[in-house]
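In: Using only what follows, build the 3D model:
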Amino acid sequence: DPTFKDSNHTLDSILKSLNSFLEVKRQQFPRFYFLSNKEVLDILAVNKDPTTIQPLLNKCFAGIESLDFDEDRDSILGMRSLMGEIVPFVSPVTVARYGVEGWLLKLQHEMQRTMQAMIAEAISARVIELNDILGNRPAQVITTTNQIVFTYRILQALQILNKRVSLQNYVYDNLQHLTGIVTQNITPIQRNIVQNLLLLEVHNRDIIDSLIKNDVTHPQDFYWTGQLRYYWENDSCVIRMNDATFKYGYEYLGNCTRLVVTPLTERCYRTLTNALHLNLGGACVGPSSTGKTETVQDLAKAMAKQCLVFNCSAEMNYKSLANFFKGIASSGAFSCFDEFNRIEVDVLSVIAQHVRTIQAAINEGVTKFEIEGIKTTLDPSCAIFITMNPDYKGRTELPDNLKSLLRPVAMVVADFVFIAEISLFSEGFAQAPLLAKKMVQCFQAASEQLSHQLHYHFGMRSVIVTLAIAATTKRRELKTPEDLIVIRALRESTLPKLIGEDIVLFVNILRDLFPNSSVESPYNPDLETCIFESLHRKKLDPIPALVQKCLQLEQTLESRVGVMLVG
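Out: Below you'll find the predicted structure:
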């Protein structure tokens with residue numbers, strides 16, 4: 001039918017024109033490359049009323065949940081995080097005279113300028129004295145300033161043993177002070193600040209202990225240069241690790257939580273930063289639950305860079321990936337391609353070409369380069385990381401030309417006890433070392449003694465969920481004994497997924513680990529009453545197992561984002 005053919009031809013030309021139009025917009029504001037065509041059109045459609053962009057905002061800025069406009073909606077006065085932290089801009093961002101892509105780019109620059117100005121002001125005020133922690137400065141400013149001041153104090157103390165010991169005592173006193181604050185009745189934002197400071201100060205304690213133990217007296221000693229070090233030079237923050245030097249990104253990250261830094265984390269940081277220093281990418285390889293993706297994300301947080309995690313699949317094609325690489329190169333973002341070896345080998349060879357093109361452009365020091373026949377601006381601070389799990393079937397072997405562009409780091413099983421201990425410590429648990437050990441022993445015993453089911457998992461993910469439940473309960477019930485809180489967290493995170501015969505075995509494991517405590521977990525009596533009434537109304541028999549599963553489902557929904565009922 002000629003009419004049908006004409007319609008198809010018209011539709012093709014419309015799509016071509018649309019793609020050309022969106023390409024221009026994406027070049028003006030590179031973060032649009034990470035969004036679908038529909039999402040970009042939705043954002044561009046808010047030109048008349050800029051306040052309607054709020055629901056779509058965190059697709060471009062991960063840390064910003066909403067913006068504060070003036071009464072006339074002509075200027076943006078500040079930004080807010082998901083937790084409600086308010087950061088006023090140094091200068092308002094005018095939106096009236098610009099298209100959406102124009103004022104979004106101005107917003108990005110003002111966000112970075114404001115963060116830089118706030119850190120500069122905090123350093124000049126030496127805000128990091130602990131009495132000022134709960135003041136009005138953003139969490140990111142406080143934690144970054146803390147790291148800059150720590151580096152400065154280390155450099156002062158290296159030459160003199162007495163100074164190193166006094167700095168060690170200062171860090172220990174800080175930890176004691178922070179642990180006291182975290183158990184008080186403080187706001188969620190203040191708690192987030194204190195917990196992140198606790199995680200950083202624990203690592204700072206380990207650094208100073210290592211320097212004293214190894215009698216380090218020179219700032220070029222590997223025990224010191226092998227750490228992620230923050231300096232304030234020429235009114236800007238600079239990060240160093242070994243021979244590598246990076247500019248702090250000043251991306252506003254909101255109230256994100258940081259990882260517990262273990263020796264494995266440090267080794268991964270060293271490999272990835274060294275790869276970036278050599279203008280290469282990085283490849284984290286290892287089994288599941290070893291923290292591959294989280295470590296890449298945490299490195300991005302440490303450097304205040306936007307980090308995009310991209311879940312790879314066999315259905316991906318080179319065209320969609322070309323847009324993604326354009327966005328990475330022109331926005332200066334960190335990217336993490338998760339489960340990279342799921343991608344088909346013919347697509348991987350095209351990816352290798354894109355990665356080589358970007359790395360060659362960085363090496364040449366150019367400001368623009370060509371990718372897929374289109375001239376694209378280049379921000380040399382961009383980074384390409386991948387993660388791979390070689391254990392799964394159906395995984396593709398990376399082509400040699402791609403392997404040579406990515407520096408590998410082997411990720412092994414993390415130190416669960418250390419992570420659990422520091423996490424509990426940051427929540428104010430006084431018995432953190434003992435309880436962390438028992439928690440990990442419980443999961444180890446469960447993986448050995450319980451039956452093997454496809455949906456059982458007793459690795460790092462289970463530990464993290466249990467720690468989250470324990471933390472929530474601790475904040476809610478300050479007077480409940482700590483061992484009972486951990487027992488309840490272990491039950492709530494594990495019992496719902498166990499099959500009948502394994503429940504008795506798991507309860508026995510808990511009894512062996514906590515012989516002097518009750519291992520029974522209290523359920524919600526009001527909900528239990530409502531369940532009985534509902535069953536009675538539906539003329540159903542209140543079988544104990546059904547009632548128990550309803551109660552367990554309610555508990556599971558409190559601690560998890562997605563729930564799957566199996567049976």
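
In: Can you name the residues that contact the nearest residue to F32 once chain neighbours are set aside?
Out: Nearest-residue entry for F32: R26, 4.2 Å, with adjacent residues in sequence omitted and distances by C-beta to C-beta, 6 or more residues apart in numbering. C-beta: built from backbone N, CA, C; applies to glycine. For R26, the set of contacting residues under the criterion of C-beta atoms under 8 Å, 6 or more residues apart in numbering consists of 32-33, 40, 323, 326-327.

In: which residues of the stretch 351-500 of the chain fall in strands?
Out: With DSSP state E, counting those that start in this stretch, the ranges of strands along the stretch 351-500 of the chain come out as 368-371, 374-377, 383-388, 406-410.

In: So for G459, which of these sits nearest?
Out: Taking C-beta to C-beta, strand 383-388 is the member of those nearest to G459, at 15.8 Å.

In: what helices or strands is the closest one leaning on?
Out: In terms of contact count using 3 or more C-beta pairs under 8 Å, 6 or more residues apart in numbering; DSSP states H and E, strand 383-388 is assigned the packing partners strand 281-285, helix 292-302, strand 334-338.

In: Now find how far off-centre the second one is within its chain.
Out: For helix 292-302, the separation from the chain centroid amounts to 6 Å (computed by C-alpha atoms, centre = their mean, to the nearest Å).

In: So which residues make contact with that helix?
Out: The set of residues that contact helix 292-302 without belonging to it, under C-beta under 8 Å, 6+ apart, is 228, 239, 253, 256, 258-259, 265, 268-269, 272-273, 282, 284-286, 306-307, 309, 334, 336, 338, 385, 387, 389, 411.

In: One more: stretch 368-377?
Out: Outside of stretch 368-377, the residues that reach it under the criterion C-beta under 8 Å, 6+ apart are 23, 27, 30, 322, 325-326, 329-330, 354, 357-358, 360-361, 367, 378.

In: Of all pairs in those, which one spans the longest distance?
Out: E23 and A360 (22.5 Å).

In: if you take the average position of the chain, which residue is closest to it?
Out: Central residue check for the chain by C-alpha atoms, centre = their mean: the C-alpha nearest the mean position is that of Q297, 4.8 Å away.

In: That one and T265: what is the separation?
Out: Q297 sits 12 Å away from T265, taking C-beta to C-beta, to the nearest Å as the criterion.

In: Equivalent analysis for N192, please.
Out: N192 sits 20 Å away from T265 when distances are taken as C-beta to C-beta.

In: same question, L405
Out: Using C-beta to C-beta, one obtains 24 Å as the distance from L405 to T265.

In: Next: F246.
Out: Between F246 and T265 the distance, using C-beta to C-beta, works out to 17 Å.

In: So for those two, which sits in the more crowded spot?
Out: Neighbours were counted for F246 and for T265 using other C-beta atoms under 10 Å; T265 has more, 22 against 19.

In: show me what contacts that one?
Out: For T265, the contact set (C-beta under 8 Å, 6+ apart) comprises 259, 291, 295, 298.

In: Am I right that the first one falls within a helix?
Out: No - L259 sits outside any helix when classified using DSSP: H, G, I helix; E, B strand; the rest coil, being coil.

In: What is the burial count for it?
Out: Other residues within reach of L259 by the criterion other C-beta under 10 Å amount to 20.

In: Hmm, it is touching G291, no?
Out: Yes - shown here, L259 and G291 form a contact pair, counting by C-beta atoms under 8 Å, at 7.2 Å.

In: CA atoms of stretch 112-130 as PDB?
Out: Only the C-alpha atoms of stretch 112-130 are listed here, as PDB (Å, rounded to 0.1, in the frame of the first residue of the first chain):
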ATOM      1  CA  GLN A 112      30.000  23.000  42.300                       C
ATOM      2  CA  ARG A 113      30.900  26.600  43.100                       C
ATOM      3  CA  THR A 114      28.800  26.600  46.300                       C
ATOM      4  CA  MET A 115      30.400  23.300  47.600                       C
ATOM      5  CA  GLN A 116      33.900  24.700  46.900                       C
ATOM      6  CA  ALA A 117      33.100  28.000  48.700                       C
ATOM      7  CA  MET A 118      31.500  26.200  51.700                       C
ATOM      8  CA  ILE A 119      34.600  23.800  52.100                       C
ATOM      9  CA  ALA A 120      36.900  26.900  51.900                       C
ATOM     10  CA  GLU A 121      34.900  28.700  54.600                       C
ATOM     11  CA  ALA A 122      34.800  25.600  56.800                       C
ATOM     12  CA  ILE A 123      38.600  25.100  56.600                       C
ATOM     13  CA  SER A 124      39.300  28.800  57.400                       C
ATOM     14  CA  ALA A 125      36.900  28.500  60.400                       C
ATOM     15  CA  ARG A 126      38.400  25.100  61.500                       C
ATOM     16  CA  VAL A 127      34.800  23.900  61.800                       C
ATOM     17  CA  ILE A 128      35.800  20.400  62.400                       C
ATOM     18  CA  GLU A 129      36.000  20.900  66.200                       C
ATOM     19  CA  LEU A 130      33.400  18.400  67.400                       C
END
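
In: list the buried ones in that stretch?
Out: For stretch 112-130, the neighbour count (16 or more other C-beta atoms under 10 Å) marks 112, 114-120, 122-123, 127-128 as buried.

In: Among the contacts of stretch 368-377, the buried ones, what's the PyMOL command?
Out: Typed into PyMOL, the line below selects the buried ones among the contacts of stretch 368-377, using 16+ other C-beta under 10 Å:
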select buried, resi 27+30+322+325+326+329+330+354+357+358+361+378
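
In: Give me the neighbour count for Q159.
Out: 11.

In: tell me the phi and psi of it?
Out: phi -70, psi -30 (degrees, to the nearest 10).

In: Let me know the pLDDT of it.
Out: Confidence at Q159, expressed as pLDDT, is 74.

In: And the nearest residue to it once chain neighbours are set aside, how far from A468?
Out: With C-beta to C-beta, 6+ apart as the criterion, Q159 has its nearest non-adjacent residue at 6.1 Å, and that residue is T217. Shown here: T217 relative to A468, a distance of 42 Å by C-beta to C-beta.

In: Could you tell me which residues within stretch 214-229 count as buried?
Out: Buried positions in stretch 214-229, judged by neighbour count with 16+ other C-beta under 10 Å: 216, 224, 226-229.

In: Quick check: end-to-end length of it?
Out: End-to-end distance for stretch 214-229, by C-alpha to C-alpha, to the nearest Å: 19 Å.

In: and it, how far from the chain's centre?
Out: Using C-alpha atoms, centre = their mean, the mean C-alpha position of stretch 214-229 is found 27 Å from that of the whole chain.

In: of the contacts of stretch 368-377, closest to L178?
Out: Comparing every one of the contacts of stretch 368-377 with L178 (C-beta to C-beta), the shortest separation belongs to P30, at 38.9 Å.
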